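>>> Build me a structure from this.
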Amino acid sequence: MSGDVQLRAYGQEDFDWLVELHRVHYREVDGFDDTFAPLVASILRAFQDEHDPACERGWIAERDGVPVGSIFCVRLDEGTAKLRLFLLAPEARGQGVGTQLLTACMGFARDMGYRKMQLWTHESHTAACALYRKFGWTCTSSKPVHSFGVDLVEQAWEIAL
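Residues are numbered from 1 along each chain as shown. You can find the predicted model right below:
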């Protein structure tokens, strides 16, 4: 795919694309069942309805006007931001788009005065976990779970900003 990647704000017009990207990716890669897409939809609806633009933001990465990735920074409490919905379309992987999104998200969190960030993921997301480690994140907990119809190892990660 040609062209530079640009980041723009998440908008309601991205809802269907982003839910579908998550549904397809996690079904194909991790075998997730049909309970996952509704979770993503509920997270996005809550963001659209309740987010505070002064301290929360979502980004869409686009190449040649086509969305190829997302990341969100939401408030957990006064000093803590949560990273959510970080995902790249297959055609955008391995090209620095994840680095660009994570840099923007963490920079925003720092600029907003958050002192730390947290995220929740699964051990099977090896590329994302490697990127978190590279940026200085630490895995703070790991436990086996049965979610979305499959056995997984759920992880919590954190970084001081």
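>>> And the pLDDT at residue 15?
We have a pLDDT of 97 for residue 15.
>>> List the residues that contact it.
By Cβ atoms under 8 Å, 6 or more residues apart in numbering, residue 15 lies in contact with 41, 44, 48. Every C-beta, even on glycine, is put in place using the N, C-alpha and C of the backbone.
>>> ok, residues contacting the helix or strand encompassing the first one?
With secondary structure defined by DSSP states H and E, residue 41 is part of helix 36-50. Identification of contacts with helix 36-50 by Cβ under 8 Å, 6+ apart yields 10, 12, 15, 18-20, 22-23, 26-27, 56, 58, 72, 74, 84-85, 148.
>>> Which ones among these lie within strands?
In strands, judged by DSSP state E, the following of the contacts of helix 36-50 are found: 58, 72, 74, 84, 85.
>>> could I get the residues you listed as a markdown table with neighbour count, distance to residue 114 and pLDDT?
Shown next, in a markdown table, are the ones in strands among the contacts of helix 36-50 (neighbours: other Cβ atoms under 10 Å; distance: Cβ to Cβ, whole Å; pLDDT from 0 to 100):
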| residue | neighbour count | distance to residue 114 | pLDDT |
| --- | --- | --- | --- |
| 58 | 22 | 16 | 98 |
| 72 | 22 | 13 | 98 |
| 74 | 20 | 10 | 97 |
| 84 | 19 | 14 | 97 |
| 85 | 20 | 17 | 97 |
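>>> Put together TSV for these, with distance to residue 115 on each row.
Listed next are the ones in strands among the contacts of helix 36-50 as TSV, based on distance: Cβ to Cβ, whole Å:
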residue	distance to residue 115
58	21
72	19
74	15
84	18
85	22
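>>> how about these, which pair is most distant?
74 and 85 (9.4 Å; Cβ to Cβ).
>>> out of the ones in strands among the contacts of helix 36-50, who's nearest residue 35?
Using Cβ to Cβ, the ones in strands among the contacts of helix 36-50 come closest to residue 35 at residue 85, 16.4 Å.
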